[in-house]
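In: sharing a model that was predicted from the sequence below.
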Amino acid sequence: MANQFPSRTGETKPLEPADAFAGTAAGHAYGHLAGFPPPGQPIFRSFNSVGLWTLYMKEVRRFFKVQTQTIWAPAVTTLLYLMIFTLALGGGGRVVLGVPFASFVAPGLIAMGMINNAFANASFGLLGGKIQGTIIDYLMPPVSEGELLAALVGAAVSRAILVGLAVSAAMMFWPGVSLEVRHPWAVIWFGLMGAILLSLIGVATSLWAEKFDHNAAVTNFIITPMSMLSGTFYVIDRLAPAFQTVSRMNPIFYVISGFRYGFLGQSDIGSSNMAVLHGAIGLGVLNLVLGLGLYALLRTGWKLKA
């Protein structure tokens, strides 16, 4: 009877040799040599690169399936902004920071398009899962909170980069626009930091929101005013001192001005290159703090787990 076990019908049948071997120490050793972990031992001990990449590609494919809306439409919209503001404010050979108005406003519009679409992408992921009832797809896989956050932010940054490239290509057809890069490090750093900043804010919004109206409220009353009042279409030196102070408290101002510095070699962050460097460091520290705070919030399961 030691080599028999009850079947579903209550009868007994001989234990197969493979079944008997699997429960022995030799079976465990064979499984280890064959590449299988021992029973009860987790496969992903510290970092699940496969899960991270899978979730990242899921988010990328989600927005890429509707690329007409997520990538090319923002390029057309930004080009319309350039046309309207250039015709309205750039007439008469207007020069700002030593360059024609069209060349001054173009880098800011590129950065604004990038950060707005980074927020739009990141703010939909978890919210869409909660509304559609598919949030379990984010919570059940063996993916840690850090990997989940990295995948969501990474996909949003990828969309921001694609939008930035599409907007830049569209602006090449507009007369009077020069996109000569003078400081590549500033273009890369401020572009990435701005996309990461709005991606983190987007994930936080997606975590907090319970319906699309909540997401729209953050977009309309926080993100859009911060973007439009960030110095995209003007230099803050022309504002009253009180409004200059308010502008310098807006992190998107440093994203726009630093990104523009990469193209023009000039910025209204400060009169020296050191001021731009301080702005770059400040954005990096801000993203680090926001990322750690959001990671801690995800670990609590707030708004995600019962």
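Out: Thanks, I have it. Since this is a predicted model, take the numbers as computed values, not measurements. Numbers count the residues shown, from 1 in each chain.
In: quick one: residues contacting residue 115.
Out: Neighbouring residues of residue 115 by Cβ atoms under 8 Å, 6 or more residues apart in numbering: 160, 194, 195, 197, 198, 227, 252, 255. For the C-beta atoms, the positions are set from N, CA and C on the backbone; glycine is no exception.
In: pLDDT weak spots in the chain?
Out: The chain contains residues with pLDDT under 70 at 1-45, 90-92, 271, 306.
In: could you redo the last one with a cut-off of 80?
Out: For the chain, the stretches flagged by pLDDT under 80 are 1-46, 89-93, 176, 270-272, 306.
In: was I right to think residue 141 contacts residue 51?
Out: Yes - with contact defined as Cβ atoms under 8 Å, residue 141 and residue 51 form a contacting pair (5.6 Å).
In: what ranges do the strands span in the stretch 151-300 of the chain?
Out: Assigned strands in the stretch 151-300 of the chain: none (criterion: DSSP state E, counting those that start in this stretch).
In: for it, which segments count as helices?
Out: Counting by DSSP state H, counting those that start in this stretch, the stretch 151-300 of the chain has helices at residues 184-208, 212-218, 224-228, 241-248, 251-264, 273-300.
In: got these as a markdown table, with mean neighbour count columns?
Out: What follows is those, written out as a markdown table (neighbours: other Cβ atoms under 10 Å):
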| stretch | mean neighbour count |
| --- | --- |
| helix 184-208 | 23 |
| helix 212-218 | 15 |
| helix 224-228 | 15 |
| helix 241-248 | 13 |
| helix 251-264 | 26 |
| helix 273-300 | 15 |
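In: residue 73: which of the ones you listed is closest?
Out: Smallest distance to residue 73 across those (Cβ to Cβ): 16.6 Å, for helix 224-228.
In: chain center to the closest one: distance?
Out: Its chain's average C-alpha position is 18 Å from that of helix 224-228, according to Cα atoms, centre = their mean, to the nearest Å.
In: and for stretch 160-171?
Out: 16 Å.
In: count the residues that sit near residue 155.
Out: The number of residues packed near residue 155 is 25, by other Cβ atoms under 10 Å.
In: could you give the number of residues near the residue lying closest to it once chain neighbours are set aside?
Out: Among residues not flanking residue 155 along the chain, residue 59 sits closest, at 3.3 Å (Cβ to Cβ, 6 or more residues apart in numbering). Number of residues near residue 59 (other Cβ under 10 Å) recorded here: 21.
In: what's the host helix or strand of residue 59 packed up against?
Out: Using DSSP states H and E, residue 59 sits in helix 49-64. The helices and strands touching helix 49-64, judged by 3 or more Cβ pairs under 8 Å, 6 or more residues apart in numbering; DSSP states H and E, are helix 145-171.
In: repeat that with 10 Å
Out: helix 101-122, helix 125-132, helix 136-139, helix 145-171 (3 or more Cβ pairs under 10 Å, 6 or more residues apart in numbering; DSSP states H and E).
In: most packed of these?
Out: Of all the helices and strands packed on helix 49-64, helix 101-122 has the most neighbours on average by mean count of other Cβ atoms under 10 Å, namely a mean of 26.
In: please work out the angle formed by the directions of that helix and helix 184-208.
Out: Calculated by axes from the mean of the first three to the mean of the last three Cα atoms, to 10 degrees, helix 101-122 forms an angle of 40 degrees with helix 184-208.
In: chain center to helix 101-122: distance?
Out: 14 Å.
In: who touches stretch 293-306?
Out: 126-127, 129-130, 135, 138-139, 144-146, 148-150, 152-153, 200-201, 203-204, 206-210 (Cβ atoms under 10 Å, 6 or more residues apart in numbering).
In: hmm, back to that, tell me which helix or strand comes right after the helix holding residue 59.
Out: Next element after helix 49-64 (DSSP H and E): helix 67.
In: what's the first helix or strand after that next one?
Out: Counting by DSSP H and E, what follows helix 67 is helix 73-89.
In: how far off centre is the helix or strand following that following helix?
Out: Per DSSP H and E, the first helix or strand lying C-terminal to helix 73-89 is strand 95-96. On the basis of Cα atoms, centre = their mean, strand 95-96 sits 33 Å off its chain's mean C-alpha point.
In: stretch 148-159 too?
Out: Counting by Cα atoms, centre = their mean, stretch 148-159 comes out at 4 Å from the chain centroid.
In: equivalent analysis for stretch 84-101, please.
Out: Averaging C-alpha positions (Cα atoms, centre = their mean) puts stretch 84-101 32 Å from its chain's average.
In: buried residues in that stretch?
Out: For stretch 84-101, the neighbour count (16 or more other Cβ atoms under 10 Å) marks 85, 86, 90, 96, 97, 99, 100, 101 as buried.
In: the nearest residue to the fourth one once chain neighbours are set aside and residue 281: what is the separation?
Out: If the residues on either side of it in the chain are set aside, residue 96 comes closest to residue 104, at 4.2 Å by Cβ to Cβ, 6+ apart. Taking Cβ to Cβ, to the nearest Å as the criterion, residue 104 is separated from residue 281 by 25 Å.
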